[in-house]
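> return a 3D structure for these sequence lines:
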Amino acid sequence: MTTTNKAKLKVKPLADRVVISPSDDAASQSPGGIYIPDTAKEKPQTGAVVAAGPGRVNDEGKTIPMSVKVGDSVIYSKYAGTEYTEEGVEYLVVRESDILATI
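Numbers count the residues shown, from 1 in each chain. Prediction:
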């Protein structure tokens, strides 16, 4: 497992799981000038990988390494993962297959 030096997470992702810190780039004002409350904003679908598991184990028992690493900026599926809060910071735990692309 790899984690960033900035965040000392207590959670350790297993297998092909990745912990993502969602980005805060959701605008609070629409292009037309209307202010959008936090409850009406869509959740971001981009974020930074802050921890990654060792990788998926195949049928022969060999570990397939992860294609993303700590520090990568990624785009992930809209309804993917499980939300996790640690010390007031929200994270998202997703499978590697829920990550669509790196930025």
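> name the nearest residue to Arg56, ignoring sequence neighbours.
Excluding the flanking residues, the one nearest Arg56 by Cβ to Cβ, 6 or more residues apart in numbering is Asp16, at 4.1 Å. Bear in mind the C-beta positions are built from the backbone N, C-alpha and C, glycine included.
> correct me, but the one you found touches Ser97?
Yes. Between Asp16 and Ser97 there is a contact under Cβ atoms under 8 Å: 7.2 Å.
> which of those two has more residues huddled nearby?
Asp16 (23 against 10; other Cβ atoms under 10 Å).
> confidence score at that one?
Looking at Asp16, its pLDDT is 95.
> ok, now Glu42?
For Glu42, pLDDT reads 67.
> show me where the chain has its helices.
Using DSSP state H, the chain contains no helices.
> residue ranges with poor pLDDT in it?
1-7, 25-30, 38-44 (pLDDT under 70).
> what residue lies at the spatial centre of it?
Ile20 (2.1 Å; Cα atoms, centre = their mean).
> partners of that one in the sheet?
Val49, Leu92 (DSSP bridges).
> re earlier: residues touching the residue nearest to Arg56, list them.
By Cβ atoms under 8 Å, 6 or more residues apart in numbering, the contact list for Asp16 reads 53, 55-56, 64, 66, 95-97.
> neighbours of Leu92, just the number please.
With other Cβ under 10 Å as criterion, Leu92 counts 20.
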